[in-house]
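Engineer: A predicted structure for the sequence below; I have some questions about it.
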There are 2 protein chains.
Amino acid sequence: MLKKGVEFQLLFLFLLLFYSVMKLFYTPDITNEKSYTLSESESKHAVRVLRLKEDDSLTLIDGRGTFYNALIVNDNPKKCEVEISKTTKENNTKPYLHIAIAPTKNNDRTEWFIEKCTEIGINQITPVLCKHSERKNIKLERFVKTAVSAMKQSLKASLPKINDLTSFNKIVNHPFEGKKYIAHCYDENQLHFKSIYKKGENSLVLIGPEGDFSKEEVKLAIEKGFVPITFGESRLRTETAGIVACTTFNLINE
Amino acid sequence: MLKKGVEFQLLFLFLLLFYSVMKLFYTPDITNEKSYTLSESESKHAVRVLRLKEDDSLTLIDGRGTFYNALIVNDNPKKCEVEISKTTKENNTKPYLHIAIAPTKNNDRTEWFIEKCTEIGINQITPVLCKHSERKNIKLERFVKTAVSAMKQSLKASLPKINDLTSFNKIVNHPFEGKKYIAHCYDENQLHFKSIYKKGENSLVLIGPEGDFSKEEVKLAIEKGFVPITFGESRLRTETAGIVACTTFNLINE
């Protein structure tokens, strides 16, 4: 009997978790801490799809680290109004991580990278156009959508900033308050990121395309203060190097 | 002029690398260190697709850590014969990593996990059937194909062993020479894998489905000597937890 009870409890918890993910609404334009009116599409999703009614609870996230617990006060399927009962700041004391990475030939691989880094923890992602880039255009909207969905899935309230495609020259010349690294595969005795990165430091990590950065790009980055690094002996695909950078950064800061 | 020369050199290197990946042949049945006859499909690939001819070079990998440099001595498109000129053992001194993981509802996610772990470094993968598993069947052949392709892509000669779907009971009762861990999300003050794992130790890491292990499964695993662990504060998907486990293990051993 007890065993069955525990099973039901777990099933209940699981459903609750699943349901709570479903009831997370991304509302980047929220400014008022007392009330909010969902957009037309979100209202429809809340009232028609999830069948939420007056007095039902839901959670808004602003993508800037705040959760808003709210109650529906008007279940209008076109402009659902909610009253905010409580706001909670996400607990995040980690330093800032910005990864600038060459978009992969196959878009799925970059989207996968964005999803995984959003789950693990990242602040900013810049797709970079390099000399050997296999892809010269991106779909920014899809990238942002992937990040929003990963943020909800991992129950976070912070959305990484995702920039439009940026030239290599622009990114290496852009000011950054923290340490800057460039991961490349030329054998120049560069140190492993884990040995060189120090806990607590904000970081910008540059990751190149499958054909690597050009030697000129590496030289220019070093001139601009980027420290060359490696992620070990294994030959990693671009998106795998990105995830390894993000995991290493988070591991060291945990 | 010099700049253009360097560019051509790099393009050449890139093409060489790409071409060398193309010319890697997975030959798990190789026993003789002097000669080998490619299978019918591999012969066709070598002679018809890659248009390799007598005296052209290629590399065989046995999936057990050995590279065989070879020359074609008979470019028969049905049974291409090669002579082996040199064998090289892969340099791998890392301890043994076995990850037993619940297959995800969406097969792509598990395949992605297999690809990434093969790139980063893993010895054995077991898909595990747990109480809350969302998927009760797998396509072993596809998983192996994913691993073979990732092994070639990352220029390795070792193929991780991929087992068929195994019950939770069987995996926790299976003898393992090394430390055993179970990652779960119940708040029981379990330590972070990075704090508990010691460099050089062989490890078996159990990773549960989206609905987590049942409390009974966690209890049983602990009774069988598994140490409960966490991967930090972020709520990770199953396949992300798998990749974080693999990255952490490899980082500590590098």
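Structural biologist: Structure received.

Engineer: Next one, pLDDT for the residue nearest in space to the middle of chain A please.
Structural biologist: By Cα atoms, centre = their mean, the mean C-alpha position of chain A lies nearest to A:T118, the distance being 2.7 Å. Listed pLDDT for A:T118 reads 97.

Engineer: quick one: which helix or strand includes it?
Structural biologist: Taking DSSP states H and E as the criterion, A:T118 maps to helix A:107-120.

Engineer: show me where the stretch 151-254 of chain A has strands.
Structural biologist: Taking DSSP state E, counting those that start in this stretch to define them, one finds strands in the stretch 151-254 of chain A at A:161-162, A:166-167, A:179-183, A:191-192, A:203-207, A:227-230.

Engineer: Just say which of those is most tucked in.
Structural biologist: strand A:203-207 (a mean of 25; mean count of other Cβ atoms under 10 Å in any protein chain shown). Heads up, the C-betas are built off the backbone N, CA and C, glycines and all.

Engineer: does any bit of that one sit next to chain B?
Structural biologist: No - judged by Cβ under 8 Å from any Cβ of the partner chain, strand A:203-207 makes no contact with chain B; its nearest approach is 14.3 Å.

Engineer: chain center to that strand, what's the gap?
Structural biologist: Strand A:203-207 sits 15 Å away from the centroid of its parent chain (Cα atoms, centre = their mean, to the nearest Å).

Engineer: In the sheet, which strands lie alongside that strand, parallel or antiparallel?
Structural biologist: Sheet partners assigned to strand A:203-207 using DSSP bridges are listed as strand A:97-101 (parallel), strand A:179-183 (parallel).

Engineer: any idea how far the residue lying closest to A:S43 once chain neighbours are set aside is from A:I72?
Structural biologist: Spatial nearest neighbour of A:S43, excluding adjacent residues (Cβ to Cβ, 6 or more residues apart in numbering or on different chains): A:C80 at 3.9 Å. Distance, A:C80 to A:I72, using Cβ to Cβ, to the nearest Å: 6 Å.

Engineer: Following the helix or strand of chain A with the lowest mean pLDDT in sequence, what is the next regular element?
Structural biologist: In chain A, no helix or strand scores lower on mean pLDDT, DSSP states H and E than helix A:2-22, which sits at a mean of 51. Using DSSP H and E, the next helix or strand after helix A:2-22 towards the C-terminus is strand A:24-26.

Engineer: Just the buried residues of the helix or strand just after that next one, please?
Structural biologist: Note on strand A:24-26: by DSSP H and E, the next helix or strand toward the C-terminus is strand A:35-37. Buried positions in strand A:35-37, judged by neighbour count with 16 or more other Cβ atoms under 10 Å in any protein chain shown: A:Y36, A:T37.

Engineer: ditto for stretch A:196-214
Structural biologist: Buried, per 16+ other Cβ under 10 Å, within stretch A:196-214: A:197, A:203-214.

Engineer: what about dumping the CA coordinates of it to PDB?
Structural biologist: Taking Å, rounded to 0.1, in the frame of the first residue of the first chain, the C-alpha atoms of stretch A:196-214 are listed here in PDB:
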ATOM      1  CA  ILE A 196      44.100  29.100 -17.200                       C
ATOM      2  CA  TYR A 197      40.600  30.200 -16.200                       C
ATOM      3  CA  LYS A 198      40.200  31.500 -12.600                       C
ATOM      4  CA  LYS A 199      37.000  31.100 -10.700                       C
ATOM      5  CA  GLY A 200      34.900  34.300 -10.600                       C
ATOM      6  CA  GLU A 201      36.300  35.900 -13.700                       C
ATOM      7  CA  ASN A 202      33.900  37.200 -16.400                       C
ATOM      8  CA  SER A 203      34.900  35.600 -19.700                       C
ATOM      9  CA  LEU A 204      34.500  35.900 -23.400                       C
ATOM     10  CA  VAL A 205      35.400  32.700 -25.300                       C
ATOM     11  CA  LEU A 206      35.900  32.700 -29.100                       C
ATOM     12  CA  ILE A 207      35.200  29.300 -30.800                       C
ATOM     13  CA  GLY A 208      35.900  28.900 -34.500                       C
ATOM     14  CA  PRO A 209      34.400  27.000 -37.400                       C
ATOM     15  CA  GLU A 210      35.200  23.400 -38.500                       C
ATOM     16  CA  GLY A 211      38.100  24.600 -40.600                       C
ATOM     17  CA  ASP A 212      39.400  26.600 -37.500                       C
ATOM     18  CA  PHE A 213      40.200  30.200 -37.300                       C
ATOM     19  CA  SER A 214      42.800  31.500 -39.900                       C
END
